[in-house]
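> okay, here's the prediction I keep looking at, along with the sequence it came from:
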Amino acid sequence: MSAPMTSRPVPGRRPRAHGASTRLHWWAPALPALAFGLLLMLLAGSGQAHAATGEASAILQVIERILRVVG
């Protein structure tokens, strides 16, 4: 039969509350939002599907714009 164990507080640390307390990194909400936006753009542009021509697709145009802004 095992005896119940009690934990001692660590010196120099405050005891934690019972609720979970976490902080998100900036990219945690940004990546799903970016993925949602890109998928929404794909769905919105699918009604205007054309045969392949010499011009760049909408996705390539968006990527080029993003690269121009970032770089």
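Here it is on my side, so go on.
> shaky segments in this structure?
Applying pLDDT under 70 to the chain flags residues 1, 9-10, 12-21, 46-56.
> how about the helices in it?
Ranges of helices within the chain are 27-45, 58-70, based on DSSP state H.
> out of those helices, which gets nearest to Thr6?
The minimum distance between Thr6 and the helices of the chain falls on helix 27-45, with 35.5 Å, by CB to CB. C-beta coordinates here come from the backbone N, C-alpha and C atoms, glycine included.
> list the buried residues in that closest one.
Within helix 27-45, no residue counts as buried by 16 or more other CB atoms under 10 Å.
> elements contacting that helix?
helix 58-70 (3 or more CB pairs under 8 Å, 6 or more residues apart in numbering; DSSP states H and E).
> hang on, the earlier thing: could the helices of the chain go into a markdown table alongside distance to Arg8?
What follows is the helices of the chain, written out as a markdown table (distance: least, CB to CB, whole Å):
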| stretch | distance to Arg8 |
| --- | --- |
| helix 27-45 | 34 |
| helix 58-70 | 51 |
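> so which of those helices comes closest to Ser2?
Of all those, helix 27-45 sits nearest to Ser2, with 39.3 Å by CB to CB.
> now the angle from that closest one to helix 58-70?
Relative orientation of helix 27-45 versus helix 58-70 (axes from the mean of the first three to the mean of the last three CA atoms, to 10 degrees): 140 degrees.
> quick one: contacts of helix 27-45?
Residues outside helix 27-45 that contact it (CB atoms under 8 Å, 6 or more residues apart in numbering) are Ala58, Ile59, Val62.
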